[in-house]
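Student: sharing a model that was predicted from the sequence below.
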Amino acid sequence: KVASGGDEETDPTDERGETFASELELTVGTDAATVQRAQRLRDEGYGREFGFEREQDCPGGLEQDIFDHQAAHCLVRHRPTGEVAGCLRLVHLNPAPGLTELPIQRHGAAALLGSPIDPASLPATERCEISRIAVSAAFRRRALEQQSPMGDSAPEVLDKPEARSFPLLAVALFMAARVMVLHRGTPHVFAMMEPRLARMLARAGLDFQRLGPLVDYHGQRAAYYIHYTPQVHQASLAPLREDISGLFRIVEAQLATQLPGLADAPGS
């Protein structure tokens with residue numbers, strides 16, 4: 001499932017990564033401003049564009065829930081315009097009294113039917129969930145990816161040498177989530193996503209295991225799981241094509257100085 005090189009490219013340089021670095025910037029935070037920027041983008045996608053959320057449930061144009069303040073949020077900002085191009089959050093559980101279940105446990109029980117892995121059986125401090133990933137409609141239009149808020153309608157894009165940075169926004173966000181998971185030390189990672197996005201992520205070194213049936217939750221999605229440790233991380237990087245591994249190195253570099261500050265942030 002790892003992306004193969006296909007025909008040898010004459011220049012193995014990291015063109016996609018360079019384009020991403022010049023146009024887009026990743027930031028992570030738990031502060032109110034970061035959370036609200038993510039909530040506003042989610043409202044534009046999940047609410048107004050796709051109708052997954054009712055307008056009355058998104059006061060002030062903010063799509064929000066009880067998990068937002070128990071998560072680290074990652075934003076992708078478009079450098080030339082300052083616009084937020086995409087977002088994602090990593091929800092975790094605290095040992096202190098508070099939320100004791102992940103969003104997938106509360107809202108995705110049907111997707112876990114027959115699952116070989118029960119989130120409740122895992123230590124609370126070792127499980128997390130990647131959720132609420134969204135890419136701005138403006139950037140999905142540029143990438144011709146308009147079928148879902150994640151902009152994942154073209155999994156073959158990883159094999160196109162001419163592909164620019166915008167079709168890779170969802171991949172870059174999940175790469176950021178990978179770095180965040182390693183930083184927090186929460187190896188049991190869950191996510192609700194469309195199968196085609198899972199296939200694309202597998203080709204980018206994130207091979208999630210599907211746990212159960214498709215369900216209607218913000219579109220047709222299934223529950224997925226990956227056990228992600230430093231050892232798995234290193235093994236997953238080795239077979240990657242240079243342009244994809246180069247993109248990951250840029251994602252890692254952009255987050256390196258930001259993640260240490262999250263440990264003492266509210267909600268961490």
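Tutor: Everything's here; your move.
Student: contacts, neighbours, all on C-alpha from now
Tutor: Noted.
Student: lowest-confidence helix or strand of the protein?
Tutor: None of the helices or strands of the chain scores lower by mean pLDDT, DSSP states H and E than helix 137-142, at a mean of 66.
Student: for the next helix or strand after it, what is the distance to the chain centroid?
Tutor: Toward the C-terminal end, the helix or strand that comes next after helix 137-142 (DSSP states H and E) is helix 169-184. The chain centre lies 6 Å from the centre of helix 169-184; the measure is C-alpha atoms, centre = their mean, to the nearest Å.
Student: how far off centre is the helix or strand following helix 169-184?
Tutor: Downstream of helix 169-184, the first helix or strand assigned by DSSP H and E is strand 188-193. Computed by C-alpha atoms, centre = their mean, the chain-centroid distance of strand 188-193 equals 10 Å.
Student: tell me what strand 188-193 is packed against?
Tutor: Applying 3 or more C-alpha pairs under 8 Å, 6 or more residues apart in numbering; DSSP states H and E, we find strand 188-193 packed against helix 103-107, strand 127-135, strand 220-227.
Student: now do the strands in the stretch 1-150 of the chain.
Tutor: Counting by DSSP state E, counting those that start in this stretch, the stretch 1-150 of the chain has strands at residues 24-29, 71-78, 84-92, 127-135.
Student: can I get those strands in CSV including mean neighbour count and distance to Leu214?
Tutor: Output for the strands of the stretch 1-150 of the chain, formatted as CSV (neighbours: other C-alpha atoms under 10 Å; distance: least, C-alpha to C-alpha, whole Å):
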stretch, mean neighbour count, distance to Leu214
strand 24-29, 22, 30
strand 71-78, 24, 25
strand 84-92, 27, 21
strand 127-135, 26, 16
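Student: for the stretch 151-268 of the chain, give me the ranges with low pLDDT.
Tutor: 151-167, 263-268 (pLDDT under 70).
Student: the closest residue to Ala222 other than its chain neighbours - how many residues pack around it?
Tutor: Excluding the flanking residues, the one nearest Ala222 by C-alpha to C-alpha, 6 or more residues apart in numbering is Leu214, at 4.6 Å. Residues within reach of Leu214, counting by other C-alpha atoms under 10 Å, total 19.
Student: OK, contacts around Leu214?
Tutor: Ala111, Gln220, Arg221, Ala222, Ala223 (C-alpha atoms under 8 Å, 6 or more residues apart in numbering).
Student: then Ile104?
Tutor: Glu129, Phe190, Ala191, Met192, Ala223.
Student: roughly how far apart are the spatially most central residue of the chain and Gly98?
Tutor: Nearest to the mean C-alpha position of the chain, by C-alpha atoms, centre = their mean, lies Phe174 at 3.7 Å. To Gly98, Phe174 is 26 Å away according to C-alpha to C-alpha, to the nearest Å.
Student: same deal with Ile226?
Tutor: Taken as C-alpha to C-alpha, the span from Ile226 to Gly98 is 25 Å.
Student: so which of those two has more stuff around it?
Tutor: Ile226 (16 against 9).
Student: ok, back up a step: biggest separation within the contacts of Ile104, which pair?
Tutor: Longest distance between any two of the contacts of Ile104 is 10.6 Å, between Glu129 and Ala223; criterion C-alpha to C-alpha.
Student: return every residue with contacts to both of the two.
Tutor: Ile104, Phe190, Ala191.
Student: tell me the one of those nearest Ala134?
Tutor: Ala191 (13.5 Å).
Student: the closest one and Ser131 touch, don't they?
Tutor: Yes - under the criterion of C-alpha atoms under 8 Å, Ala191 is in contact with Ser131, at a separation of 6.1 Å.
Student: list the contacts for the closest residue in space to Phe67 that isn't next to it in sequence?
Tutor: Once flanking residues are discounted, Phe67 sits nearest to Val91: 6.7 Å by C-alpha to C-alpha, 6+ apart. Taking C-alpha under 8 Å, 6+ apart, we find Val91 in contact with Phe67, Asp68, Gln70, Ala71, Ala72, Leu102, Cys128, Glu129, Ile130, Ser131.
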